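Engineer: this is a predicted model, with the sequence first.
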Amino acid sequence: NGMNEFLRKEVKLLKALQGVSYKELAEEYLGIRQDSFYSWLHGYYDLGIEKQQLLLEIVNILKES
């Protein structure tokens, strides 16, 4: 799904440009395990609507800081 693909790119940019760790994003912000986050990042499954919205908000906040 398009939003998941968009979020994957954004998350990778955050890590590259700001050094935001995947562990921090997964466990502290999304409340999911790091290995689950990696599986999502590699396209093995898509996040549900609620998690997509949450991650989008997080990405937008972190991009502005």
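Structural biologist: Looks like it arrived, so ask away. Model, not experiment: these values are computed from the prediction. Numbers count the residues shown, from 1 in each chain.

Engineer: so where does the spatially most central residue of the chain fall, helix or strand?
Structural biologist: Among the residues of the chain, the one closest to the centroid is residue 11, at 4.9 Å (C-alpha atoms, centre = their mean). Assessed by DSSP states H and E, residue 11 sits inside helix 2-18.

Engineer: strands along the protein, start to end?
Structural biologist: Taking DSSP state E as the test, none of the chain falls into strands.

Engineer: which stretches of it form helices?
Structural biologist: 2-18, 22-23, 34-41, 49-64 (DSSP state H).

Engineer: as TSV, those helices with mean pLDDT would be great.
Structural biologist: As requested, the helices of the chain are arranged in TSV below (pLDDT from 0 to 100):
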stretch	mean pLDDT
helix 2-18	96
helix 22-23	96
helix 34-41	97
helix 49-64	95
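
Engineer: show me what contacts the residue nearest to the centre of the chain?
Structural biologist: By C-beta atoms under 8 Å, 6 or more residues apart in numbering, residue 11 lies in contact with 22, 25, 41, 55, 59. The way it works is simple: take the backbone N, C-alpha and C, and place the C-beta from them, glycine included.

Engineer: most neighbours, which of those?
Structural biologist: Neighbour counts for the contacts of residue 11, by other C-beta atoms under 10 Å, peak at residue 55, which reaches 23 neighbours.
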